[in-house]
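**Q** just coords:
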């Protein structure tokens, strides 16, 4: 309970909870959009190879499931997007202005999904099996394309392009030097108006000359304060740029009329404001909103990095998309496996041999697919994700590993803290970041009034969520491996011998089949836990190193009854989906409905 209280101590807990409900519910459905069309494609390939009608029936069943979840996913996705716009307007404004490209391209990905989804379904008995396979290929490609666009934006929020972490694997902490920092491109006409010595004293580093701008590294505590001032309507005269003495007044006074005109244009102001007869350029400039100055800097940075590629250059993007696709494939595999396990459990002894053969074949396919998916997810995608977090989100990594001395650390209890340096950093000599040595105020600018965020570290409770996720994931992997031995027992002597040693008798032990249903639910839980660690572990940031939660949120948070109403909507949608699956997938698939 202390962990929950700590989490709710961050700003806007009600809005964050509602966003979690909406986004997580959408993700629970989205996983099947990533996994089922790919499984459909594989089933069609197996049909083309063998011409066995069982594979065609399996492909059609999977496609039907894909259509169901896609329809509900489109509805929940729309609701989630509206929720983001309404609850987090400053976040969505920043995303729409500076990192809009992947969000724009996601529209075309959605169109691709819709087009090939319905081509697949309505063309099932009208086009050749080869054409169906091609359509299915573009169907899952559209879903993965859509995910890659959205995940690029989320990855930018987790670790924006240009982030410079505050911890090194040898145990060096760089917080005293102003880290973590964000590398940006500072326009030269703005740079000449700033006091370089005072900026250097504040931790700003010049990394290079980029022609019309300088590449500089700015402490995130300064960045977040400027973002806060920009989105709360603060003028330069009340900004930390002036309070800290960073504005060089003499340099402003020496600007020529042409330089003033160009500066006004870059700041999005009428040049007459700075060039008016008898006006004081310094006084006039200090009335400029911080938003205009920051916007000029950010737009320069986006153009330099590449507006089409800035989110894809997030250092955690490749690991994130690999891990996301792995989650979708794994959850889809366990769910299909559970569905056919339930068929086997309820199959009468006198069932049509053709029906039994189909169900056993589908169960075998789902089981082997699931094992491959979870091995990929754990040993490849999960490892890449862990390395990325360790390098670029050391604060989150410290919380995940529970390195604080003030909690019961599962990593110390289990002894994994001794091998984690090798796993995370590739060296046994590396050291894990100590949660207690991370300054509570590393994100707070001392020149400003104390913001609502009092502790910059992520909530330590994610340690228990993370280890529960890993533990359950290992159990799922062992179960998938065991069931793979079961389905291969007739063809692989080693599998039969090993199962005999384990005293597992019979073709499909009912206890193991029943466990598949539990495993499907646990797989969803594990996936949800992963997103909880990813999102909650980013707090107090909405965009790590740039924008905190309180700045991202609306100034008019909804009352509790509205939050409850929206949460009820998502639960109703879940009930509708379950009923639709029962009516459209389960009932037509009963033995008496079977046709060769």
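**A** That came through fine. The structure presented is a predicted model; accordingly, all values stated were derived computationally and were not measured.

**Q** now do the buried residues in the host helix or strand of residue 327.
**A** For residue 327, the enclosing helix or strand under DSSP states H and E is helix 317-346. For helix 317-346, burial by neighbour count (16 or more other CB atoms under 10 Å) applies to 317-344. Any C-beta I mention is one placed from the backbone N, CA and C, and that applies to glycine too.

**Q** likewise for stretch 426-434?
**A** For stretch 426-434, burial by neighbour count (16+ other CB under 10 Å) applies to 430, 432, 433, 434.

**Q** chain center to it: distance?
**A** 26 Å (CA atoms, centre = their mean, to the nearest Å).

**Q** ok, the residue most central in space within the chain - contacts?
**A** The C-alpha lying nearest the average C-alpha coordinate of the chain belongs to residue 154 (CA atoms, centre = their mean; 4.8 Å). Taking CB atoms under 8 Å, 6 or more residues apart in numbering as the criterion, residue 154 is in contact with residue 320.

**Q** picking that back up, now the buried residues of stretch 426-434 in TSV, with secondary structure and pLDDT?
**A** Output for the buried residues of stretch 426-434, formatted as TSV (DSSP: H, G, I helix; E, B strand; the rest coil; pLDDT from 0 to 100):
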residue	secondary structure	pLDDT
430	coil	96
432	coil	97
433	coil	98
434	coil	98
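
**Q** need the max-distance pair from those residues.
**A** Checking these against each other with CB to CB, the farthest-apart pair comes out as 430 and 434, at 13.0 Å.

**Q** quick check: residue 269 touching residue 288?
**A** Yes: under the criterion of CB atoms under 8 Å, residue 269 is in contact with residue 288, at a separation of 6.5 Å.

**Q** of these two, which one has the most company?
**A** residue 288 (20 against 17; other CB atoms under 10 Å).

**Q** what about residue 458, how many neighbours?
**A** Other residues within reach of residue 458, judged by other CB under 10 Å, total 27.

**Q** that one belongs to a helix?
**A** No: counting by DSSP: H, G, I helix; E, B strand; the rest coil, one finds residue 458 to be coil, located in no helix.

**Q** what's the average pLDDT for stretch 372-388?
**A** Per-residue confidence for stretch 372-388 averages out to 97 on the pLDDT scale.

**Q** what's the first helix or strand after the helix or strand of the chain with the lowest mean pLDDT?
**A** Of all the helices and strands that make up the chain, the one with the lowest confidence by mean pLDDT, DSSP states H and E is helix 271-275; it has a mean of 58. Read in the C-terminal direction, the helix or strand following helix 271-275 is helix 281-286, with elements assigned using DSSP H and E.

**Q** check which helices and strands the helix or strand that comes right after that following helix sits against.
**A** Later in the chain than helix 281-286, the nearest helix or strand by DSSP H and E is helix 290-305. The elements that helix 290-305 packs onto, with contact taken as 3 or more CB pairs under 8 Å, 6 or more residues apart in numbering; DSSP states H and E, are helix 89-98, strand 181-187, helix 188-191, strand 213-219, helix 220-231.

**Q** adding mean pLDDT, mean neighbour count and distance to residue 146, write those out as TSV.
**A** What follows is these, written out as TSV (pLDDT from 0 to 100; neighbours: other CB atoms under 10 Å; distance: least, CB to CB, whole Å):
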stretch	mean pLDDT	mean neighbour count	distance to residue 146
helix 89-98	89	17	16
strand 181-187	97	22	28
helix 188-191	94	16	38
strand 213-219	97	20	33
helix 220-231	95	24	29
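
**Q** would you format these as TSV with distance to residue 485 included?
**A** Listed next are those as TSV, based on distance: least, CB to CB, whole Å:
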stretch	distance to residue 485
helix 89-98	47
strand 181-187	50
helix 188-191	65
strand 213-219	53
helix 220-231	50
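
**Q** wait, is residue 208 part of a helix?
**A** No: assigned with three-state DSSP, residue 208 falls outside any helix and is strand.

**Q** pretty sure it is touching residue 214, no?
**A** Yes: applying CB under 8 Å, one finds residue 208 in contact with residue 214, separated by 7.2 Å.

**Q** follow-up on the earlier one: among the buried residues of stretch 426-434, which one sits closest to residue 481?
**A** Taking CB to CB as the measure, residue 481 sits nearest to residue 432 out of the buried residues of stretch 426-434, at 29.7 Å.
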